[in-house]
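Student: What follows is a predicted structure for the sequence shown.
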Amino acid sequence: MPKEYSRKSRINIQLQRELTGLIRDELTDPRVANVTVTRVDASQDMRNASVFISVMGEDERIPEAAKTLNHASGRLRHGLGQRLKLRHIPALHFLGDFQLVQATRVSQVIRDAIRNDEGNARDRDDDSTES
C-alpha cells in the first residue's frame with residue numbers, strides 16, 4: 001500500500017513546524033517578531049531548503065526579516081539538528097512569501113470591479129425609468 005505523503009512532504013512539514021518554534025523561542029531579534037513560516041520546500045537530496053516567510057500585518061518588513069533569518073540560519077540549522085533525527089540537516093534559505101500580499105491585491109481589485117459594476121447597473125436602471 002503506497003504512503004499517503006512522500007518522505008519529502010513529511011520532512012517539509014516537520015521542518016516548517018520546528019522552524020516556527022525555533023524562530024519564536026530562540027531568536028530575540030525584534031526584526032523577526034511576528035514572522036510566520038508559510039511553507040518549506042526541501043530539495044530532493046535534502047541538502048537545501050527554501051523557507052518561505054511572511055510577517056503578520058507588515059508586508060514591508062518581509063525582506064528585512066528574510067535577511068535577518070538568513071544571517072541566523074546556522075543557529076537555526078543547529079537547533080534543527082538537535083530536534084530532528086535526520087542524516088543531513090538542509091542548508092536554510094529564507095525567502096519572502098508574497099502570495100498573501102498578491103491575493104489581497106487581487107481580492108481588492110475584484111471587490112472594486114463588483115462595486116463599479118453595481119454602480120453602472122444602478123445608473124442604467126435610473127436612465128431607463130426616466131424615459
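Tutor: Received, thanks. Nothing here was measured: the structure is a model prediction, and the numbers come from that model. Numbering: from 1, shown residues only.
Student: how about the residue nearest to the spatial centre of the chain, secondary structure?
Tutor: The centroid of the chain falls nearest to Thr38 when counting by C-alpha atoms, centre = their mean (3.1 Å). At Thr38, secondary structure determined by DSSP: H, G, I helix; E, B strand; the rest coil is strand.
Student: burial of the residue lying closest to it once chain neighbours are set aside, as a residue count?
Tutor: Distance criterion C-beta to C-beta, 6 or more residues apart in numbering; nearest residue to Thr38, sequence neighbours excluded, is Asp97 at 4.4 Å. Heads up, the C-betas are built off the backbone N, CA and C, glycines and all. Asp97 has 20 neighbouring residues, counting by other C-beta atoms under 10 Å.
Student: these two touch, right, Asp97 and Val55?
Tutor: No. If you go by C-beta atoms under 8 Å, Asp97 and Val55 don't touch, sitting 9.7 Å apart.
Student: if I look at the two, which residues touch both of them?
Tutor: Ile62 (C-beta atoms under 8 Å, 6 or more residues apart in numbering).
Student: From the chain's centroid, how far away is stretch 23-33?
Tutor: 16 Å (C-alpha atoms, centre = their mean, to the nearest Å).
Student: And that stretch, what's buried?
Tutor: Neighbour-count burial for stretch 23-33, counted by 16 or more other C-beta atoms under 10 Å, picks out 23, 27, 31-32.
Student: if we can go back for a sec, mind listing what the residue nearest to the centre of the chain touches?
Tutor: 52-54, 97, 99-100.
Student: Next step: those restricted to helices.
Tutor: Judged by DSSP state H, those include 99-100 as members of helices.
Student: Closest to Ile114 out of the contacts of Thr38?
Tutor: Closest to Ile114 out of these is Leu100 (21.2 Å), distances taken as C-beta to C-beta.
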